[in-house]
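Peer 1: Curious how this folds, go ahead:
(chains A, B, C and D)
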There are 2 protein chains.
Amino acid sequence: MSHRTPVQLPRGRPRSFDVEAAVERAMGVFWSRGYHATALPDLLRATKLSRGSLYAAFGDKHSLFLRALDRYIADALTRMDIELDPRGEPVDGLRAYLAGYVDRTTGAKGRRGCLLVATAMELAGQDAEVGRRIASFFKAMETRVADALSRAKTADKLADGVEPSSAARILVCFVEGLRVVGKTAPTRITSQATADALLDRFIR
Amino acid sequence: MSHRTPVQLPRGRPRSFDVEAAVERAMGVFWSRGYHATALPDLLRATKLSRGSLYAAFGDKHSLFLRALDRYIADALTRMDIELDPRGEPVDGLRAYLAGYVDRTTGAKGRRGCLLVATAMELAGQDAEVGRRIASFFKAMETRVADALSRAKTADKLADGVEPSSAARILVCFVEGLRVVGKTAPTRITSQATADALLDRFIR
DNA sequence: CGATTTAAAGACCGCTTGGTCTATATATCA
DNA sequence: TGATATATAGACCAAGCGGTCTTTAAATCG
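Peer 2: So this is what the prediction gives:
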């Protein structure tokens, strides 16, 4: 057993690019074009890496895609944890959550789409690694929304007969549907009014 | 000016395959795999056509895809026109409409997905011909649902404060969201209960 | 310094892509 | 029959694909 540090210091030229920044740039490309339509040169241009560096760092296109997808999912869950923070008013949180989706699914942002939904439609059925991620994301989202609705119910803010669990499933389908319809770039005003109308059916 | 029929009879060997059947088979392939992931050999296998025949009949892959998409859309609209027939009870029609989506978005059918939603996510942003078709489909669907809701309102079957136009937008987003979440193959029981819970918020 | 590690550039690989074209057989017409 | 039109099979094409490898420069260490 050595007395030295178990972390052996690298001896040569240190890595000079930010791996996470590269994942983020790659995510942007997959997001805009989808998995199959994204070619290696697109990723090289976006990450500013050489072929060799990209393959050394990520293995292959599919692995890099999974990293990008994981990051997209982590970002989405982080956002939800802020919007639906249990320390805040649950109804306000749900309003912020829906407003965020309205913002991201209207106009130019809407037309850009959603990496997660696009991936679900393109790959979830055929790629088990992707399928598991998509399924666990929807479950995680549903849980968070259901929790917020439960807190709202406890505070007697829910309309009669509204069950947190099924209302959460409704909201999840609704926001994912917003992402789909958002590809036709609807106006913010219309989408916001639609989201408001839905939430109004749930709250007292 | 000739006295003969303006439809000139073909003089050689007549076409020996059913063009519409070929479109339908091609539609099945695009439906299962998406546009970019579908290669020519896949289409040749499915349509049982030779390369030459396929290109003579449809021009190129993209044109064949548009034919397939148009057929998918026509089928969907025809189905809706039956379910939401103005001569029937509007609430029953809406129930049938939602039940149809539940059926197509659960289990194995759910995992197969939806050609229209997959196309919206994969191509609508970059392909104007596709984008127009997607947008007009959503609009047509929304109109039909709104009409049914209007009839329900006239018959005093809607809950207080439910507006047909915004409720229709909610339902469109909801069913398209079902298609997305359906890629994780949820159970029919859960999805049906979710759809029922949503409609219950709208009807008296 | 010399050893080591990494980066970029780009040649290179086998394979697939969408698409064209030729050769040949077949089915219809006048 | 002969002319016409269509079918299939498959060779063929340039371009692009994902992925590997070599070369050379640069950055760190002892």
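Peer 1: Those residues of chain A touching DNA strand C, which are they?
Peer 2: Applying Cβ under 7 Å from any atom of the strand, we find that chain A lies next to DNA strand C at A:10-17, A:48-53, A:56-57. Glycine gets a C-beta too; all of them are placed from N, C-alpha and C.
Peer 1: Closest approach to DNA strand C from chain A, which residue is it?
Peer 2: residue A:12 (1.7 Å; Cβ to the nearest atom of the strand).
Peer 1: any idea how far that residue is from residue A:127?
Peer 2: Between residue A:12 and residue A:127 the distance is 36 Å, computed by Cβ to Cβ, to the nearest Å.
Peer 1: These two: which is more packed in?
Peer 2: residue A:127 (17 against 4; other Cβ atoms under 10 Å in any protein chain shown).
Peer 1: Can you check the pLDDT for that one?
Peer 2: pLDDT recorded at residue A:127 is 97.
Peer 1: and what of residue A:131?
Peer 2: The model reports residue A:131 with a pLDDT of 98.
Peer 1: count of neighbours near the nearest residue to residue A:110 once chain neighbours are set aside?
Peer 2: The shortest distance from residue A:110 to any non-neighbouring residue, by Cβ to Cβ, 6 or more residues apart in numbering or on different chains, is to residue A:182 (3.3 Å). For residue A:182, the count of nearby residues is 27 (other Cβ under 10 Å).
Peer 1: So the residue of chain A closest to DNA strand C, which state does it fall into?
Peer 2: Under DSSP: H, G, I helix; E, B strand; the rest coil, residue A:12 falls in the coil class.
Peer 1: So which bits of chain A are right by DNA strand D?
Peer 2: With the criterion set to Cβ under 7 Å from any atom of the strand, chain A comes near DNA strand D through A:9, A:11-14, A:16, A:38-41, A:51-52, A:55, A:60-62.
Peer 1: which among those gets closest to residue A:107?
Peer 2: residue A:38 (23.8 Å; Cβ to Cβ).
Peer 1: Could you check how far the closest one is from residue B:23?
Peer 2: Taken as Cβ to Cβ, the span from residue A:38 to residue B:23 is 29 Å.
Peer 1: and what of residue A:53?
Peer 2: Taking Cβ to Cβ, one finds residue A:53 at 46 Å from residue B:23.
Peer 1: Between those two, point out the one with more neighbours.
Peer 2: Higher neighbour count among residue A:53 and residue B:23: residue B:23, with 20 against 16, using other Cβ under 10 Å.
Peer 1: For the more buried one, give me its contacts.
Peer 2: By Cβ atoms under 8 Å, 6 or more residues apart in numbering or on different chains, the residues touching residue B:23 are B:64, B:67-68, B:71.
Peer 1: of those residues, closest to residue B:33?
Peer 2: For the contacts of residue B:23, the nearest to residue B:33 is residue B:68 (11.9 Å; Cβ to Cβ).
Peer 1: what pLDDT does the closest one get?
Peer 2: 98.
Peer 1: got the buried residues for whichever strand or helix holds it?
Peer 2: Using DSSP states H and E, residue B:68 maps to helix B:61-83. For helix B:61-83, the buried set under the neighbour-count rule, 16 or more other Cβ atoms under 10 Å in any protein chain shown, comprises B:61, B:64-69, B:71-73, B:76, B:80, B:83.
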